[in-house]
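Visitor: Can you look at this prediction? I've put the sequence above it.
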Amino acid sequence: MEVILNEKNAGEWVYRGEGAANLVLAYTGSSPTFIGKVMRIRKAPRNGAEVTSMRSPSSLTAHERLLWKDVHELISSLDNEIAGQLFVLHVMKPLLGSKYVDAGMLVGVSMKFLESVEKNVICQRPAWRVDNAQVDMHRDSVLLMSDHSLFTHGNLGSSPSISVEIKPKCGFLPLSRFISEGTAIKKRITRFQMHQALKLHRGEIALLSEYNPLDLFSGSKERIHKAIKDLFTTPQNNFRVFKNGSLIFGGLGGGAEDTNFCIAKAFEDALKSVIRADDGHCTENLLTLVAEAVKKSGVLDRLLEVQKLDNVDIEGAIHAYYDITRQQCMICRELSEEQLKRYSSLHSASLDESLRIVKDYLIAATAKDCSFMICFRPRKEGGSRSECSSIYLESTKQAFDFKVYFIDLDLKRMSKMEEYYELDKKIVSCYKEMIKMDQGRNSQTCKHLKLPAEI
Ligand SMILES: O=P(O)(O)O[C@@H]1[C@@H](OP(=O)(O)O)[C@H](OP(=O)(O)O)[C@H](O)[C@H](OP(=O)(O)O)[C@H]1OP(=O)(O)O
Ligand SMILES: Nc1ncnc2c1ncn2[C@@H]1O[C@H](COP(=O)(O)OP(=O)(O)OP(=O)(O)O)[C@@H](O)[C@H]1O
Ligand SMILES: [Zn+2]
C-alpha cells in the first residue's frame, strides 16, 4: 500500500453508486494507476441509524477466527478491510471462478481525502442512504478495483460499452428438513417474492416485483429472457444499465421506480448509438443480448452451486451457531419435547460439523446477495478474436464481445445469524398475512398483487 490519496486527489473521484455498506466512486483523472478503476469506500452508520452490517466488529472475532480457521490468510488479518479483500481472494474467487472475480487491491487514504469525498458526493446520494450512513472516516484504506461498467480500461472512449448490472438474489427453493411446518411455504415460494411483501408493507417499494429468480437461474432460454424482461419492468435494486460508465437505467445508489413510458423511451434513445435496430427496438434487442450472454456464460450455474452451500437453511444453521458460541439455543428453548427432536441431530454434531454448517451458510449468504455485471462492446468488423466471449445477435446482425464479473462479494459477519433468523420469520409471516388479508378482501386484488392464490 504505497500510494496514499489525500485531499487534493478527492476531486478526481465521482459518485458511481452505493449499497447498504459501501460507497463507490469512479476515477475521472489522468493517472494511469487509476484510469478504468472504481474505489469502494466503507460507510459507517450515522448516530441512531439501524444498520447492523456496519456495526460489525472491526476485525474478526474469536468465533470468526475459529470459523475461518482453514483460511490462514484470513485469520491472520487484523483489519476488517484486509479481511474483506482476502475473503474474496481466498474463498469466493476459487468458488466462483477466477475469470469472474476481481478481488481488487487496497490503497491508502488520508482522513482529509475521505472528508473531502464525503462533501463532494453528498448531493448525488439518495437522501435515505445519507440519513442512514456516511463515509467511515476511521478507515486508512479503500478498495480499488476494475470498473466493470467499461469494456476497456486503459483506452477510454475508443469503444462504446453497455454494461448491465443484476442482483439476482437467491435462485433456489430450500429443501431442508429443518424448516418447520409454520414456515413450510419457503419450499414453494422464493424468498425474493416473499420479501417483496415485507418491503411493500414497510414502504420500501411501491409495487411488487414481477421478477422471479427461479426464471433467471433456470437455464432455459425462454425463462431467462422472461426474467430479464421482468427486471426491466420492475428494476428496484436488482437491475441497472450503464453506457460508457454512466447510468442510463435503474436507480443510482438504491432502488428504482417501476418502468413507465418516459423511462422506457429515454432508455431506448440512449441505446441507439450502441445497439442497432431498424425497427426501433433497441431495448428488446439489448434484453435478448443479456439473456443470451447470461445463458452462454454459465455464470449463474456457478453462483447457484455456491448459494446451495446453504443446505440446512437458517432454521438449521441457527442451532449450529448457538453451539459454536456456547450459548443456550434460543430457538429450542421455546419448543416442545416433540418439536425438539427435529433439531437434536444438530445439537449433537461435533464442533467441526457446526463450524462447517455456519461457514457454508455465510458463504452462501454472500452468494445470495452479490451482483454481477455483464459488459458488452460491439465487435469491430474484421477485428481479431479477443480473449473474451462473444455473442451474435441475430435480430440486429451484430456481434458483441462480453465479459462477466461478480461484484459485492463481502464477507457476511457471524454476528448477523440471529438477525437472519428473525428476518426469515418476519418475511414468512408478513407474506402469509398479506395473502390472508388479500383473500379476505377479494381475489381480484390478489391477482393485481401477483401473489399466488394459495398459502
Ligand atoms: O437480507 P436481504 O436479502 O434483504 O439482503 C440485504 C440487501 O437487501 P435486498 O433485499 O437485496 O434489498 C441489502 O441491500 P439494500 O441495502 O437493500 O440495497 C444489503 O445488500 C444487505 O447486505 P449488507 O447489510 O450490506 O451486508 C443484505 O443483507 P444480507 O442478508 O445479505 O446480509
Ligand atoms: N467494480 C465495479 N465496477 C463498476 N461499478 C461498480 C463496481 N463495484 C460496485 N459498483 C457499483 O456500485 C454500486 C454499489 O456497490 P456494492 O454493491 O459493492 O455496494 P454494497 O454497499 O456492498 O451493496 P449491498 O447493499 O448489496 O451490500 C453497485 O450497485 C454498482 O453499480
Ligand atoms: Zn436449538
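Guide: That came through, no problem. Residues are numbered from 1 along each chain as shown. Ligands and ions are numbered 1, 2, ... in the order given.
Visitor: Does Arg240 have any beta-bridge partners, and if so which?
Guide: Residues in a beta bridge with Arg240, per DSSP bridges, are Glu165.
Visitor: any idea how the protein splits into domains?
Guide: According to the TED database, the chain comprises the domains 4-45+57-146, 159-443.
Visitor: Using CSV, lay out these together with mean pLDDT, distance to Thr152 and mean neighbour count.
Guide: (C-beta placed from N, C-alpha, C; glycine too.) Output for those, formatted as CSV (pLDDT from 0 to 100; distance: least, CB to CB, whole Å; neighbours: other CB atoms under 10 Å):
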stretch, mean pLDDT, distance to Thr152, mean neighbour count
domain 4-45+57-146, 93, 7, 17
domain 159-443, 94, 6, 18
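Visitor: Make TSV from the ones you listed and add distance to ligand 2 to it.
Guide: Formatted as TSV, these follow (distance: least, CB to the nearest ligand atom, whole Å):
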stretch	distance to ligand 2
domain 4-45+57-146	2
domain 159-443	4
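Visitor: I'd like to know which residues of the stretch 301-450 of the chain are adjacent to ligand 3.
Guide: Selection of the stretch 301-450 of the chain residues close to ligand 3 by CB under 5 Å from the ion yields 319, 329, 331-332, 343.
Visitor: In helices only, show me these.
Guide: Secondary structure assignment by DSSP state H places 319, 343 of those in helices.
Visitor: Can you tell me which of the residues of the stretch 301-450 of the chain next to ligand 3 is nearest Met373?
Guide: Nearest to Met373 among those is His319, at 36.8 Å by CB to CB.
Visitor: What sits closest to the closest one if chain neighbours are left out?
Guide: Leaving aside its chain neighbours, His319 sits nearest to Leu346 (4.1 Å; criterion: CB to CB, 6 or more residues apart in numbering).
Visitor: Now do the contacts for Arg40.
Guide: Contacts for Arg40 (CB atoms under 8 Å, 6 or more residues apart in numbering) come out as 22-24, 104, 142-145.
Visitor: And the residue nearest the centre of the chain?
Guide: Cys370 (2.8 Å; CA atoms, centre = their mean).
Visitor: Tell me who's in contact with it.
Guide: 167, 303, 406-409.
Visitor: now the residues you listed as a markdown table including secondary structure?
Guide: Compiled in a markdown table, the contacts of Cys370 are given as follows (DSSP: H, G, I helix; E, B strand; the rest coil):
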| residue | secondary structure |
| --- | --- |
| Lys167 | coil |
| Leu303 | helix |
| Phe406 | strand |
| Ile407 | strand |
| Asp408 | coil |
| Leu409 | coil |
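Visitor: in this protein, what residue sits furthest out from the centroid?
Guide: Glu337 (39.7 Å).
Visitor: Distance-wise, check that residue relative to ligand 1.
Guide: Distance from Glu337 to ligand 1, counting by CB to the nearest ligand atom, to the nearest Å: 33 Å.
Visitor: next one: phi and psi at that residue?
Guide: Here is the backbone geometry of Glu337 (degrees, to the nearest 10): phi -50, psi -50.
Visitor: same deal with Arg40?
Guide: Phi and psi for Arg40, reported as degrees, to the nearest 10, are phi -110, psi 120.
Visitor: Look up which residues are beta-bridged to it.
Guide: Going by DSSP bridges, Arg40 forms beta bridges with Val24, Leu143.
Visitor: if I look at the residue of the stretch 301-450 of the chain found nearest ligand 1, how far off is Glu115?
Guide: The nearest approach of the stretch 301-450 of the chain to ligand 1 comes at Asp369, 3.3 Å away (CB to the nearest ligand atom). Noted for Asp369: a distance of 29 Å to Glu115, by CB to CB, to the nearest Å.
Visitor: same question, Ile166
Guide: Separation of Ile166 from Glu115 (CB to CB): 34 Å.
Visitor: who's in contact with Glu433?
Guide: Glu433 sits next to Ala197 when contact means CB under 8 Å, 6+ apart.
Visitor: Ramachandran angles for it?
Guide: The phi/psi pair for Glu433 (degrees, to the nearest 10) reads phi -60, psi -40.
Visitor: try Ile248
Guide: Backbone torsions for Ile248, taken as degrees, to the nearest 10, come to phi -120, psi -10.
Visitor: Likewise for the one 4 residues further on?
Guide: Its backbone dihedrals place Leu252 at phi -80, psi 110, with angles given as degrees, to the nearest 10.
Visitor: How about it: what's its closest non-neighbour residue?
Guide: Gly17 (6.0 Å).
Visitor: Cool, thanks, signing off.
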